[in-house]
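*Asks:* Sequence first, predicted coordinates after that:
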Amino acid sequence: MSEITTKKVLMKKPECALDLGDGSERAFYVNQDYILHKLQKIHRGISLMYTYYPKDKEWPVRASIARPQKTPGGAWDYPYEDYFPYLGGALGRREDEPFNFMKEIRRHGMDVVLTITIDPALTKEDIIPLAKDLRPYGRLLLRVNHECTGNWFCYTKRASYEQIADFFVMVCDVMHQYAPNVKMILCAGMYMQETGKLEMEDIFLEAHKKADIWSGDNYLSLHWGWPGDVATKETSNYAAYDVDAVYERCKKTYYRLKEITGQDKPMVLSEMNADGDVNGPFEQANYMRHFMELVEKDKEKWLTAFTLYQFRDDGRLGLEVTDPNNTDVGIEQPLLAMYRQQLHKPFYSMPIETEGSIELPAKLRWGGSEDAEGVEINCHFNKQPHYFELYFEDELIDMNIMMEFGDFWFYKAPGVKVIDLMPYFFNNPLKKKADIPLRFFCPPADGLNKPENGDPYDGEDGDWMTNTYTVLPKLPRIRIEEEPVSIFKHYK
């Protein structure tokens, strides 16, 4: 590979993006290196779920710790939601949760999708610090007080629905003024067949108009009694739905939103899955396969993205379930292999398009997982290699780099000198000569966007809020070997 031609590429929006939930009241956060190893590909975004009630006396202790239940009850039978506490805002702990996870997500080439349930009694002055927290995190999606037409979340017990709607509008105004890089998601009522309207559509009309993105949560099956009971034929705290009917309901929600607002905005489903507690692990995978195939086959392309809830779950709502002996360990479910196959389909993939030649060193722009510049080279293989390694030397050692090879993604953290790309071939053995492109992208090494001068938390708006720029000085040294270093003999 003495003569290497470098090309400029651009990563763009897919036909339907996939986001992945990572941690909630039902599970701990799982690091992005582990998830990348299991799924072999990045998502558009990673969804985190937190709660913020800074004026409560128990705050910031997690609700289930502050007020432990003698017998398991509902996940919301607490003074505030049992998500992990958001430690920014009034506390100002920007090196703690969720910021440490947000930085890791962005280093790994994905956008942050942040859900926060917030005390609706807070004022504009209380929300401004949250907006300033989020300014350095690029194209962040923020969902506030989701499922707000329900009655299960703690914030619905503190305020009327009119107050909750007004609160969302206020948060939108604050974010748009102080953190214009943040796009606001309203996750509210879904379409009701019996009325032809959305749940509480009049109450939340102005909130729908103010939001940047429309959303809903609608599971294909769900055991909402978890962890208080076990779903059996003799219990009742669960349901399974017709997948086609759920799909049509979600679609009608989008078209109804267009009708009542006179607007057209991205539509996402912020929580989607089938529950293995209800369907069992095999039918859980079949339910989700059918739903994802419906999305792909629909020529109307009304859905911008959905979030698979979630990667690892203490119940059976995950690609993995948590090992009860060790919460650091996940047990893979049949859903994972099915979902990984769908994730790698072109329909759900961020397309990478060649834009022409480029010379190194090259200044590359990272705008997010749906808008990023990279460098492509061609790798030639005469047959199945035994070694395929990248050696990062000199100024490359401290760089943060994401690499895509044959739709298989690899990550190089700052300080790492060698990356082994052979795992691609473990499930994709070569049977003849092949030319496969290798692409390099440079997300921010510390996960943050910063202006050249000034404070990113309280400075002037500008291009820095959505774009970072990194110079790729040269390519890594590439080692391709088509024979083992040494063997005694071949075994049949």
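*Replies:* Great, that's in hand.
*Asks:* Is the closest residue in space to L141 that isn't next to it in sequence bridged to anything, and to what?
*Replies:* Spatial nearest neighbour of L141, excluding adjacent residues (C-beta to C-beta, 6 or more residues apart in numbering): V113 at 4.6 Å. For the C-beta atoms, the positions are set from N, CA and C on the backbone; glycine is no exception. With DSSP bridges applied, V113 shows beta-bridge pairing to S47, L141.
*Asks:* Okay, helices next: where are they in the stretch 301-450 of the chain?
*Replies:* Assigned by DSSP state H, counting those that start in this stretch, the stretch 301-450 of the chain shows helices spanning 334-343, 423-426.
*Asks:* One more: the stretch 101-250 of the chain?
*Replies:* Along the stretch 101-250 of the chain, counting by DSSP H, counting those that start in this stretch, helices occupy 124-134, 161-178, 205-210, 243-261.
*Asks:* thought D435 was touching E376?
*Replies:* No. Using C-beta atoms under 8 Å as the test, D435 is too far from E376 to be in contact (11.6 Å).
*Asks:* Which one's more surrounded, these two?
*Replies:* Counting neighbours by other C-beta atoms under 10 Å for D435 and for E376 shows that E376 has the greater number, 18 against 8.
*Asks:* mind listing what that one touches?
*Replies:* T6, K7, K8, V9, I352, T354, P437, L438, R439, F440 (C-beta atoms under 8 Å, 6 or more residues apart in numbering).
*Asks:* Which residues does it form beta bridges with?
*Replies:* Judged by DSSP bridges, the bridge partners of E376 are K7, R439.
*Asks:* sorry, back to before: tabulate the contacts of E376 (CSV), appending neighbour count and pLDDT.
*Replies:* Output for the contacts of E376, formatted as CSV (neighbours: other C-beta atoms under 10 Å; pLDDT from 0 to 100):
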residue, neighbour count, pLDDT
T6, 17, 97
K7, 16, 98
K8, 17, 98
V9, 23, 98
I352, 17, 98
T354, 12, 96
P437, 15, 98
L438, 21, 98
R439, 18, 98
F440, 22, 98
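*Asks:* Let's have those in JSON lines, adding distance to K492.
*Replies:* Listed next are these as JSON lines, based on distance: C-beta to C-beta, whole Å:
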{"residue": "T6", "distance to K492": "42"}
{"residue": "K7", "distance to K492": "42"}
{"residue": "K8", "distance to K492": "46"}
{"residue": "V9", "distance to K492": "42"}
{"residue": "I352", "distance to K492": "40"}
{"residue": "T354", "distance to K492": "42"}
{"residue": "P437", "distance to K492": "34"}
{"residue": "L438", "distance to K492": "33"}
{"residue": "R439", "distance to K492": "37"}
{"residue": "F440", "distance to K492": "39"}
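*Asks:* how many neighbours does the closest residue to E460 other than its chain neighbours have?
*Replies:* Among residues not flanking E460 along the chain, G454 sits closest, at 6.4 Å (C-beta to C-beta, 6+ apart). Residue neighbour count, defined by other C-beta under 10 Å, stands at 12 for G454.
*Asks:* now E452
*Replies:* E452: 6 surrounding residues under other C-beta under 10 Å.
*Asks:* Now do the contacts for it.
*Replies:* E452 is in contact with W464, counting by C-beta under 8 Å, 6+ apart.
*Asks:* go on, F392?
*Replies:* Contact analysis of F392 by C-beta under 8 Å, 6+ apart lists M399, I401, K412, V416, K417, V418, I419, P476.
*Asks:* W226 now?
*Replies:* Per C-beta under 8 Å, 6+ apart, neighbours of W226: R26, A75, D277, G315.
*Asks:* Likewise for A188?
*Replies:* A188 sits next to E147, C148, T149, L198, E199, M200, F204, A207, H208, S215, G216 when contact means C-beta under 8 Å, 6+ apart.
*Asks:* Leaving out the residues flanking it, which one is nearest to it?
*Replies:* Leaving aside its chain neighbours, A188 sits nearest to F204 (4.9 Å; criterion: C-beta to C-beta, 6+ apart).
*Asks:* I'd like to know how many residues surround that neighbour.
*Replies:* 26.
*Asks:* Let me know whether it touches L186 as I believe.
*Replies:* Yes. Between F204 and L186 there is a contact under C-beta under 8 Å: 7.3 Å.
*Asks:* So which of the contacts of A188 is the closest to H108?
*Replies:* The nearest member of the contacts of A188 to H108, counting by C-beta to C-beta, is S215 at 23.7 Å.
*Asks:* Please name the residues that touch that closest one.
*Replies:* R143, H146, I185, L186, C187, A188, M267, V268, L269, S270.
*Asks:* So which residues of the stretch 1-150 of the chain form strands?
*Replies:* Secondary structure of the stretch 1-150 of the chain by DSSP state E, counting those that start in this stretch: the strands cover 7-11, 17-21, 45-52, 84-85, 111-118, 141-144.
*Asks:* Only C-alpha atoms, please: export stretch 450-464 in PDB.
*Replies:* Only the C-alpha atoms of stretch 450-464 are listed here, as PDB (Å, rounded to 0.1, in the frame of the first residue of the first chain):
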ATOM      1  CA  LYS A 450     -15.400  25.000  22.800                       C
ATOM      2  CA  PRO A 451     -15.100  28.500  21.300                       C
ATOM      3  CA  GLU A 452     -11.500  29.700  20.500                       C
ATOM      4  CA  ASN A 453     -11.900  32.300  23.200                       C
ATOM      5  CA  GLY A 454     -14.300  32.500  26.100                       C
ATOM      6  CA  ASP A 455     -16.300  30.300  28.400                       C
ATOM      7  CA  PRO A 456     -18.300  27.600  26.600                       C
ATOM      8  CA  TYR A 457     -20.800  27.600  29.400                       C
ATOM      9  CA  ASP A 458     -21.600  31.300  29.200                       C
ATOM     10  CA  GLY A 459     -20.100  32.800  26.100                       C
ATOM     11  CA  GLU A 460     -21.200  34.000  22.700                       C
ATOM     12  CA  ASP A 461     -23.200  31.800  20.300                       C
ATOM     13  CA  GLY A 462     -21.500  30.700  17.100                       C
ATOM     14  CA  ASP A 463     -20.400  27.900  14.800                       C
ATOM     15  CA  TRP A 464     -18.500  26.300  17.700                       C
END
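*Asks:* Can you give me the buried ones in it?
*Replies:* Buried residues in stretch 450-464, counted by 16 or more other C-beta atoms under 10 Å: K450, P451, Y457, G459, W464.
*Asks:* what's the farthest-apart pair in those?
*Replies:* The farthest-apart pair in the buried residues of stretch 450-464, when distances are taken by C-beta to C-beta, is Y457 and W464, at 12.4 Å.
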